[in-house]
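In: Take a look and give me a structure for this.
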Amino acid sequence: MEPRYYIGLDGMASTAIRERRRTLRYGNLRVRQIVQMKIKISSLLMEVGVSYNKQRLHKAAYFRGLLASSPEVDDKLRSLLRHWNPRLAVKRCVHMPDGALVSGR
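Out: This next block holds a predicted model:
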């Protein structure tokens, strides 16, 4: 239930508040998708036995180097993971259409 001061006389929140909620819902969706993808990638790497630095895994340069230098990563997995660009994914997630900023952490 919302506090009374957010609801107008007609029982609905103002347009600005509804738009802001919609933007936040979209941002939360994007953050959840990014986190799910990071978990899937780290699971794939663990599954094939790649050792990696957990704190640096999703940094773009480290990730590219890991794909290039790990003998455990076969060509099929490498082609799958090559489509994942951590830096671009976070930029897409963080900068919302209305200029709002949503944290990816």
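
In: so where's the chain shaky on pLDDT?
Out: The model of the chain has pLDDT under 70 over residues 1-11, 85-105.

In: So which residues of it form strands?
Out: Assigned strands in the chain: none (criterion: DSSP state E).

In: Mind jotting down where the helices sit in it?
Out: 15-48, 60-69, 75-82, 86-94 (DSSP state H).

In: Only the buried residues of the shortest one, if you could.
Out: Put plainly, it is helix 75-82. Residues 77, 81 are the ones in helix 75-82 that count as buried (16 or more other C-beta atoms under 10 Å). Yep, even glycine has a C-beta here, placed from its N, CA and C like the rest.

In: For it, name the packing helices and strands.
Out: Packed against helix 75-82, as judged by 3 or more C-beta pairs under 8 Å, 6 or more residues apart in numbering; DSSP states H and E, are the following elements: helix 15-48, helix 60-69.

In: One more: the longest one?
Out: Contacting helix 15-48 under the criterion 3+ C-beta pairs under 8 Å, 6+ apart are the following elements: helix 75-82, helix 86-94.

In: Can you point out the buried residues in that helix?
Out: Buried, per 16+ other C-beta under 10 Å, within helix 15-48: 23, 26-27, 30-31, 34, 38, 41, 45.
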